[in-house]
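>>> Please work out how this folds:
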Amino acid sequence: MKVYTARQAILNRKNNVAAYELFFRNNEKNTFPSGINGHEATSKLLGRTYFNKGIKPFTAGKRALINFSEESLIKRLPFLLPKNEILIEILESVTPSDEVFNVCAELAAAGYSLALDDFIYKPQWKRFLTIVRLVKFDIQQTPLDSITHLVNELKTKTNIKLLAEKIETHQEHEQAMRLGFHLFQGFYYHKPEMQHSEEIESTGLLLTLLFREVNKPYINHKKIINLLERDCNLIFKLLCFVNSGIFPIKGKISSVKQAINYMGESQLKELISLFFTAILSQDKPPELLKTSAARAKFCELVIIQLEPIQYDSAFMAGMFSLIDAVLNIPMHDIATRLSLDDYICEALLDDNNTSQSKLSIALRAIKYLERGSWYQAEREALKLSISIDDMNLYYQTAIQWAECLNDCELITLD
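Sure thing, here's the model as predicted:
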């Protein structure tokens, strides 16, 4: 599925790009869609950037300014993101309540940078000026002539940078420069640039079940893992999060269980809530998802007979065997970014079919079976000392398992 994002450059006083603001888009039209609230827009934006290819490909390594609604702040959505890659924009529609301030103060104490968007001074915002790093003025809404005194006062606060946005003319640019603004944004410099990427949709049923499980009084991790293992998209996003730099990863990852062990229950709840909000559902899994799931189950069934200790890795390799086609990202880049262990990487990166590891052979075998290349599949079976009849049985079992993923009654939760 093709998804869309827009970015707009933010310039410094030397006309160099200092950062980019990212905007949610739901089609090729470069406008914010109607009928969508701020929390949903931010959740989907993060799902398409940070939890897909990452933020850096969209910002050329610059910091990303991202809008956060009151709901997003109260649900602590920013804590899921790396503090060195984003700047949290507090939308002008946010109520400056004690609850919001406490979350923002906690974010600032944790090292996150915050900004007040479309700022209009009111006494209720005064305490926020002690913790924010950036104040943005919409000069079409608050003309520069009307905020000169406030700008001069804010310039005395050495911890705060000032940004003039929606600059549309050379005259406005020159006036903002004279007033001492540090950063500049608007159509005069750059219009928002549309970018698209690929994302595979997750099933609504799986997301609903996951959301239900993480909101129970006591989380059953076995059930969570069982559900996550049915969707390569969710596993990919989970591993992106675990490898974000937030956690001290020790060694490479070989299973969903290992990835979840790095997370606390609150982070797991927040992450699943984000996925539930952000990812659109479909009535049935896409074909790529079903093929990936069948490969995962097939590799697991084969390897559990030969190398039982590696069955988790086998499942992961099968599930990710098509992720490069889904996201249009080279498999090598995916394996590197997600810190997959060497056993999995060897199978996923076996482009020349030369690896003789049992997992590599199993993955090659199911690819041959999918194409109806029975002779080649039988050759791989012989390498594993498995009869072709058993291999066909594993294949049929895996296909049936994948077909049942969208059937609530057939998802095993015990």
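
>>> Do a quick rundown of the strands in the stretch 1-150 of the chain.
2-12, 17-25, 63-68, 86-90, 113-116, 134-138 (DSSP state E, counting those that start in this stretch).

>>> To residue 395, which of those strands lies closest?
strand 2-12 (31.7 Å; C-beta to C-beta). The way it works is simple: take the backbone N, C-alpha and C, and place the C-beta from them, glycine included.

>>> helices or strands next to that closest one in the packing?
Here strand 2-12 touches strand 17-25, helix 38-48, helix 56-59, strand 183-184, strand 193-198, going by 3 or more C-beta pairs under 8 Å, 6 or more residues apart in numbering; DSSP states H and E.

>>> what's the residue nearest to residue 142 when sequence neighbours are not counted sitting at in phi/psi?
Take residue 142 and drop its neighbours on the chain: the residue closest to it by C-beta to C-beta, 6 or more residues apart in numbering is residue 120, 6.2 Å away. When quoted as degrees, to the nearest 10, the phi and psi of residue 120 stand at phi -130, psi 120.

>>> Quick check: which of the strands of the stretch 1-150 of the chain is nearest to residue 335?
Going by C-beta to C-beta, the one of the strands of the stretch 1-150 of the chain nearest residue 335 is strand 2-12, 22.9 Å.

>>> Can you tell me the number of residues neighbouring the closest residue to residue 107 other than its chain neighbours?
Counting by C-beta to C-beta, 6+ apart, residue 107 lies nearest to residue 78, which is 5.8 Å off, once chain neighbours are set aside. By other C-beta atoms under 10 Å, the residues close to residue 78 number 23.

>>> mean pLDDT lowest for which of the strands of the stretch 1-150 of the chain?
The weakest mean pLDDT among the strands of the stretch 1-150 of the chain belongs to strand 2-12, with a mean of 81.

>>> What is the distance between it and the centre of its chain?
16 Å (C-alpha atoms, centre = their mean, to the nearest Å).

>>> now swap in stretch 144-159 and tell me
37 Å.

>>> and if you look at stretch 230-237?
11 Å.

>>> For it, the averaged confidence score.
78.

>>> What of stretch 250-267?
On average, stretch 250-267 scores 80.

>>> Can you pull the poorly scored residue ranges out of the stretch 201-350 of the chain?
Scanning the stretch 201-350 of the chain for pLDDT under 70 picks out 201-206, 208-209, 215, 246, 270, 273-274, 276-286, 326-327.

>>> The same query, at a cut-off of 50, please.
280-285 (pLDDT under 50).

>>> after the lengthiest helix in the chain comes which helix or strand?
In the chain, taking DSSP state H as the definition, the longest helix is helix 287-306. With elements assigned by DSSP states H and E, the helix or strand that comes after helix 287-306 is helix 311-319.

>>> which residues sit against that next one?
Contact with helix 311-319 is made by 229, 232, 235, 254-258, 292-300, 302-304, 307, 340-341, 343-344, 347-348, 359, 362-363, 366, as judged by C-beta atoms under 8 Å, 6 or more residues apart in numbering.

>>> Report the contact partners of residue 398.
Counted by C-beta under 8 Å, 6+ apart, residue 398 has contacts 294-298, 301, 366.

>>> Over to residue 179?
So residue 179 contacts 144, 148, 151-152, 164 (C-beta under 8 Å, 6+ apart).

>>> again, 10 Å this time
137, 139, 144-145, 147-148, 151-152, 155, 162, 164 (C-beta atoms under 10 Å, 6 or more residues apart in numbering).

>>> any chance of those in JSON lines, plus neighbour count?
Shown next, in JSON lines, are these (neighbours: other C-beta atoms under 10 Å):
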{"residue": "137", "neighbour count": "27"}
{"residue": "139", "neighbour count": "24"}
{"residue": "144", "neighbour count": "18"}
{"residue": "145", "neighbour count": "9"}
{"residue": "147", "neighbour count": "20"}
{"residue": "148", "neighbour count": "13"}
{"residue": "151", "neighbour count": "17"}
{"residue": "152", "neighbour count": "11"}
{"residue": "155", "neighbour count": "15"}
{"residue": "162", "neighbour count": "22"}
{"residue": "164", "neighbour count": "24"}
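
>>> ok, the residues you listed vs residue 93, which is closest?
residue 137 (16.2 Å).

>>> Hmm, residue 376 and residue 353 touching each other?
Yes - judged on C-beta atoms under 10 Å, residue 353 makes contact with residue 376 at a distance of 9.4 Å.

>>> thinking again about what came up before, check contacts around the residue nearest to residue 107.
42, 46, 66, 68, 72, 86-88, 103-104, 106-107, 110, 112, 114.

>>> ok, now residue 391?
Neighbours of residue 391 in contact, by C-beta under 10 Å, 6+ apart: 298, 301-302, 362, 365-366, 368-369, 377-378, 380-382, 384.
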